[in-house]
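Chemist: Predicted model and sequence follow; I will ask about them next.
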Amino acid sequence: MKLIRVNNYQEMSRMGAKEIIKFVNKNPQGVLGLATGSSPIGLYKELVSDYQQNSTNYAEITSFNLDEYVGIDKNNPQSYYYFMMQHLFQHINIKENNINIPNGSAKDLKEECESYEDKLRFCPIDIQILGIGANGHIGFNEPGTSVNSRVHIAELDKKTRIDNARFFYSLEEVPTYAITMGIKNIMEAKKIILLAYGEEKAQAVYSMLKGDVTEKMPASILRKHPNITIIADHKATVLLDALGDQEASV
Ligand code: GLP
C-alpha cells in the first residue's frame, strides 16, 4: 500500500490522471474501473484536457462504473450515468458500447446484478479509481458489507444519504438503494487508486490505514490489496500527521 500525500485537490487530480493516461497509452485495450462523487471530478477534468491536447486514445478502452442508484433513470441528471457522461464520456472518444454502468432502473434488479457480474468476469478491471465515504464505504459497500460481496443491491447508510443529499433538492429525494460492485469485485482489480481529500475524510483515512482490518470499515479491507495507491491531501491525512506518522509518504 502506497500513500502519496499531496497539497491540494488539484495535485491529487493531476497525479491520479497521470497514472490513468500512462496506463491508457500503454494498454489501449485496457479496462478502467471508474467512480463518481466529487473526489474524481478533477481527475476526469484532467483526462479531458489531456485528450484535447494529446489525443490520448480511448477508442478500445472499456470502462466499468462502481455503482448506480436504484430507481433513477440514466437520463436523470442525478444518475451516475449522467454524471459520467457530463464529466468524462461525452468529452473523449470512448465508445458507448464499451461503457458499463449498472442500470438502476432495470425491471429485474437481481438479474441486472447478475449480468453486471458476468460482464466483469469476462473483462477484469486493470485500474480501479475509488473515492471513500466519510463512513469508510467504497462504492456503496457500507459498513458491515461482507468481504466476499459481489455485485449486489445495497441499502444506503443514513450517513451516506445525508452526505449525498447535496446533489439532490432534499434528503427525501436521495435514493435508499443502489446497485454496487461488491468488495470482492473491487479487490479483484489489478490496481487501485483511491482519492481522498478534505477534512471530512480524515477519520476514514485514518481508520482505513491504522485501524483494524474489519468489515465495519470497508476501506480497511483494501490494506490486503497487493497494488493500491492512496492519493490524499493534507486535510485528509491530518489525523495521521498528528501521530507524527510520515511512513510511506513521498
Ligand atoms: C458515493 C459513491 C462512492 C464515493 C463516495 C464519496 O457514495 N458511491 O463511490 O466514493 O460517494 O464521494 P465524494 O467523493 O463526493 O466524497
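Modeler: Right, received. Where do you want to start?

Chemist: can you count the residues close to the residue nearest to residue 18 when sequence neighbours are not counted?
Modeler: Counting by CB to CB, 6 or more residues apart in numbering, residue 18 lies nearest to residue 46, which is 8.0 Å off, once chain neighbours are set aside. All C-beta atoms are positioned from the backbone trio N, CA, C, and that covers glycine. Neighbour count of residue 46, defined by other CB atoms under 10 Å: 19.

Chemist: List the buried residues of whatever helix or strand residue 46 lives in.
Modeler: Applying DSSP states H and E as the criterion places residue 46 in helix 41-54. By neighbour count on 16 or more other CB atoms under 10 Å, the buried set for helix 41-54 is 41, 42, 43, 44, 45, 46, 47, 48, 50, 51.

Chemist: just these now: which is nearest the ligand?
Modeler: Taking CB to the nearest ligand atom as the measure, the ligand lies nearest residue 41 of the buried residues of helix 41-54, at 8.1 Å.

Chemist: Give me the pLDDT for that closest one.
Modeler: pLDDT for residue 41: 98.

Chemist: right, and it touches residue 87 too?
Modeler: Yes. If you go by CB atoms under 8 Å, residue 41 and residue 87 touch, sitting 5.7 Å apart.

Chemist: Which helix or which strand is home to residue 208?
Modeler: Assigned by DSSP H and E, residue 208 falls within helix 202-210.

Chemist: no, scratch that, I was asking about residue 231
Modeler: Per DSSP H and E: strand 228-233 holds residue 231.

Chemist: how about the strands in this protein?
Modeler: Secondary structure of the chain (DSSP state E): strands at 2-6, 31-34, 62-65, 67-69, 99-100, 127-130, 152-155, 177-180, 191-196, 228-233.
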